[in-house]
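> give the three-dimensional model of this entry:
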Amino acid sequence: PNAPLYPAVTDQGYFKSLNANWSVNYYLYKGIPANKLLLGLPTYGHSYTLVNPDSTDYGMPAADVGRIGNQGFVDYIDTVAFLRDPDTIQIFDKNTSVPYAYKSKNMM
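All right, here's what the predicted structure looks like:
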């Protein structure tokens, strides 16, 4: 995911620290006052072309960058257009607290 709140259950080692919860708690542990922290969220995303359009769960293999956006990098406007498409299916991954969406072989 682009900016997970929590690690995925499959994350190991260093990858367990690549999430907002870990980052904020690290700064608090290091003594930064909570009222000085500001958590930003990206307004862009990444797209992928799935190997199998029937395997749409979190973490499924991708064959290439997606057709949405520019070489897999998707800006806010293209994200909104993709999500408004009636054929797009939106999912919320409860482990990472991250939404994702797919349509055919295109995943974002």
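> what's the neighbour count on T10?
Using other CB atoms under 10 Å, T10 is surrounded by 9 other residues. Backbone N, C-alpha and C define where each C-beta goes, glycine included.
> so what's it up against?
When contacts are counted by CB atoms under 8 Å, 6 or more residues apart in numbering, T10 is found next to G59.
> in a helix, it, correct?
No: checked against DSSP: H, G, I helix; E, B strand; the rest coil, T10 lies outside a helix; its state is coil.
> and it, how far is that from T96?
Using CB to CB, to the nearest Å, we find T10 at a distance of 10 Å from T96.
> for this structure, list the residue farthest from the centre, please.
Computed with CA atoms, centre = their mean, the residue of the chain farthest from its C-alpha average is G31, at 28.6 Å.
> ok, that residue to S17 distance?
From G31 over to S17 the distance is 18 Å, taken as CB to CB.
> which residue ranges of this protein form helices?
20-29, 76-84 (DSSP state H).
> number of residues surrounding the residue nearest to L28 when sequence neighbours are not counted?
Distance criterion CB to CB, 6 or more residues apart in numbering; nearest residue to L28, sequence neighbours excluded, is A34 at 6.2 Å. Neighbour count for A34, taken as other CB under 10 Å: 8.
> now the strands for the chain?
With DSSP state E applied, the chain shows strands at 45-46, 48-50, 62-65, 73-74, 89-93, 98-103, 106-107, listed in chain order.
> can I get those strands in a markdown table including distance to W22?
Converted to a markdown table, those look like this (distance: least, CB to CB, whole Å):
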| stretch | distance to W22 |
| --- | --- |
| strand 45-46 | 20 |
| strand 48-50 | 24 |
| strand 62-65 | 25 |
| strand 73-74 | 24 |
| strand 89-93 | 17 |
| strand 98-103 | 14 |
| strand 106-107 | 25 |
